[in-house]
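Asks: I need the structure of the sequence given here:
(one chain, ligands or ions: 1)
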Amino acid sequence: MIREISAGGVVVRQLDGAWNIAAIEPQKEASQARPVRKTSQTLLLALPKGLVDQGEKPEQTAIREVQEETGITATPINKLGDIKYVYVRSWGDKQRVFKVVSFYLLRYQSGEIDDIDSEMRIEVKRALWVPLEEAVSKLAYSGERDIVRRAQEYVKSHLEA
Ligand code: ATP
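Replies: Numbers count the residues shown, from 1 in each chain. Prediction:
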């Protein structure tokens with residue numbers, strides 16, 4: 001089976017005394033996603049991530065992908081964990097892909113959320129801050145929900161003291 005290695009970030013930031021994370025609403029239809037109903041619209045939220053380039057460290061990929069997909073600059077705190085899934089490519093010969101995504105906890109440094117390049121709109125409908133307390137119920141993929149639970153635990157035990 002084809003393998004893909006990606007990395008992504010959970011960027012945390014305190015806004016009005018509450019911890020938030022940077023999430024994206026992807027443009028594409030996500031077949032394996034659990035659509036979350038919000039008012040009359042279907043909301044699909046995911047974490048920013050992307051393929052690890054040759055010679056790049058996964059942590060660097062996470063920071064770069066966060067910058068490209070959300071517009072914000074973030075600095076690393078630590079690794080949260082890996083998620084694994086299999087998907088079928090919708091293009092070409094419809095190959096099955098085994099994918100591993102490493103997620104890193106990052107701290108917001110600078111920049112305006114959703115201030116992204118116009119080419120990035122092909123992938124990202126919008127980027128937004130989501131309260132950490134609500135993020136688990138709003139994310140579409142169970143693996144990413146687990147990662148955000150780990151981020152919640154880390155924030156509670158290390159950043160809130
Ligand atoms: P990348 O963002 O790593 O560059 P991509 O956008 O090409 O990659 P994915 O986001 O992995 O690819 O999406 C490929 C397929 O996998 C889509 O059908 C998507 O719905 C599905 N998918 C994405 N993330 C997850 C996940 N965490 N769990 C299960 N399926 C997922």
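Asks: Okay, buried residues for stretch 105-122 please.
Replies: Neighbour-count burial for stretch 105-122, with 16 or more other CB atoms under 10 Å as criterion, is recorded at 105-106, 108, 111, 113-114, 116. Quick note: C-beta positions are derived from backbone N, CA and C, even for glycine.
Asks: Redo these as JSON lines? Include pLDDT.
Replies: Shown next, in JSON lines, are the buried residues of stretch 105-122 (pLDDT from 0 to 100):
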{"residue": "Leu105", "pLDDT": "98"}
{"residue": "Leu106", "pLDDT": "98"}
{"residue": "Tyr108", "pLDDT": "98"}
{"residue": "Gly111", "pLDDT": "98"}
{"residue": "Ile113", "pLDDT": "98"}
{"residue": "Asp114", "pLDDT": "98"}
{"residue": "Ile116", "pLDDT": "97"}
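Asks: Can you tell me which of those lies closest to the ligand?
Replies: Relative to the ligand, the closest of the buried residues of stretch 105-122 is Ile116; by CB to the nearest ligand atom it sits at 14.3 Å.
Asks: I figured the closest one hits Glu123, correct?
Replies: No: if you go by CB atoms under 8 Å, Ile116 and Glu123 don't touch, sitting 9.2 Å apart.
Asks: Just name the shakiest helix or strand of this structure by mean pLDDT.
Replies: strand 36-38 (a mean of 52; mean pLDDT, DSSP states H and E).
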